[in-house]
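In: give me a model of this one.
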Amino acid sequence: MCRWAAYVGPKIFLEQIVTAPHQSLIAQSQHAREGKAETNGDGFGLAWYDERPEPGLYRDILPAWSDPNLRSLARQVRSGLFLAHVRASTGTATNRSNCHPFAVGRWSFMHNGQVGGYERLRRRLDMLLPEELYGHRVGTTDSEVMFLLALSLGLDQDPAGALGRLAGLGEDLAAPLGPQPLLRFTAALSDGKTLYAVRYASDAFAPSLYYRAGPAGGVTVASEPLDAEHAGWQSLPPGSFATVTAEGVAVQPFRPLRDEAGRAA
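Out: The predicted structure is shown next:
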């Protein structure tokens, strides 16, 4: 499983999340405290927003702790909204196309979790992508196809609803394959204005997720607290969707959406 962190608020240097804290994202890439895997060395990525509507994107296959370019970039770039991710592969190749975050237009997306039986579902999921989005499918991960499917399910108009429909679809496709966890889904995404986060699992083991408001304004959402003391961090409950702005966090229940016949809506 992966580790990630995201921030929205007054502009800060990316290093304040990515490299500087005691349990920074780079520290988590080597010694995650609450992840399924302690080491997350299968690549990393950043997506940040500034004066253009679409995000800047920097991804590579090196372990985050060994890339000097990442440290230099994080030290120099300031942003009021950014996403950062370190990857632990669940079976797909370690290449740049499979590194998070993913971006299409103004949207960016990163994920920690899995679709049960993904290798057996991969072709079916790809075939569900509409033609106008299929060209953005350049990697092989479940995370990328989930992002593209969410766009097709109304992400622009209703982020919570689109992810709910996506969760329903993922569970329904995975269910016939056996008793493995159908879906573990902890994700962050943004349209460049608002940060959204979701924590959900079809079993009792939703990946960890926390948030904290900073003393100077702004909110950080992260797989794990970034400091040793865990001061001020709140756990986002499983089965929750969070709308995050510089002013605070609004949390609402999250569940897979299905129609009256029990089919994924």
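
In: which parts of the stretch 51-200 of the chain are strands?
Out: Along the stretch 51-200 of the chain, counting by DSSP state E, counting those that start in this stretch, strands occupy 56-60, 78-86, 102-104, 107-115, 183-190, 195-201.

In: just put those in JSON lines and tack on mean neighbour count, mean pLDDT and distance to Q157.
Out: C-beta: built from backbone N, CA, C; applies to glycine. Shown next, in JSON lines, are the strands of the stretch 51-200 of the chain (neighbours: other CB atoms under 10 Å; pLDDT from 0 to 100; distance: least, CB to CB, whole Å):
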{"stretch": "strand 56-60", "mean neighbour count": "17", "mean pLDDT": "97", "distance to Q157": "24"}
{"stretch": "strand 78-86", "mean neighbour count": "25", "mean pLDDT": "97", "distance to Q157": "20"}
{"stretch": "strand 102-104", "mean neighbour count": "22", "mean pLDDT": "98", "distance to Q157": "15"}
{"stretch": "strand 107-115", "mean neighbour count": "26", "mean pLDDT": "95", "distance to Q157": "12"}
{"stretch": "strand 183-190", "mean neighbour count": "26", "mean pLDDT": "96", "distance to Q157": "14"}
{"stretch": "strand 195-201", "mean neighbour count": "24", "mean pLDDT": "98", "distance to Q157": "13"}
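
In: now those in a markdown table, with distance to E38?
Out: Listed next are the strands of the stretch 51-200 of the chain as a markdown table, based on distance: least, CB to CB, whole Å:
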| stretch | distance to E38 |
| --- | --- |
| strand 56-60 | 21 |
| strand 78-86 | 12 |
| strand 102-104 | 25 |
| strand 107-115 | 14 |
| strand 183-190 | 17 |
| strand 195-201 | 20 |
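
In: out of these, which is closest to A246?
Out: strand 78-86 (7.4 Å; CB to CB).

In: and the closest one, what does it pack onto?
Out: In this structure, strand 78-86 packs against strand 3-13, helix 15-18, helix 25-30, strand 44-49, strand 107-115, strand 183-190, with contacts taken as 3 or more CB pairs under 8 Å, 6 or more residues apart in numbering; DSSP states H and E.

In: name every strand pairing with the fourth one and say which way it goes.
Out: Strand 44-49 has its sheet partners listed here by DSSP bridges as strand 56-60 (antiparallel), strand 78-86 (antiparallel).

In: go on, the longest one?
Out: In the sheet, strand 3-13 lines up against strand 78-86 (antiparallel), strand 219-222 (antiparallel) (DSSP bridges).

In: export those as CSV, with columns for distance to P181.
Out: Shown next, in CSV, are those (distance: least, CB to CB, whole Å):
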stretch, distance to P181
strand 78-86, 21
strand 219-222, 22
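
In: I'd like to know how many residues surround D50.
Out: D50: 14 surrounding residues under other CB atoms under 10 Å.

In: cool, H100 as well?
Out: Residues near H100, counting by other CB under 10 Å: 30.
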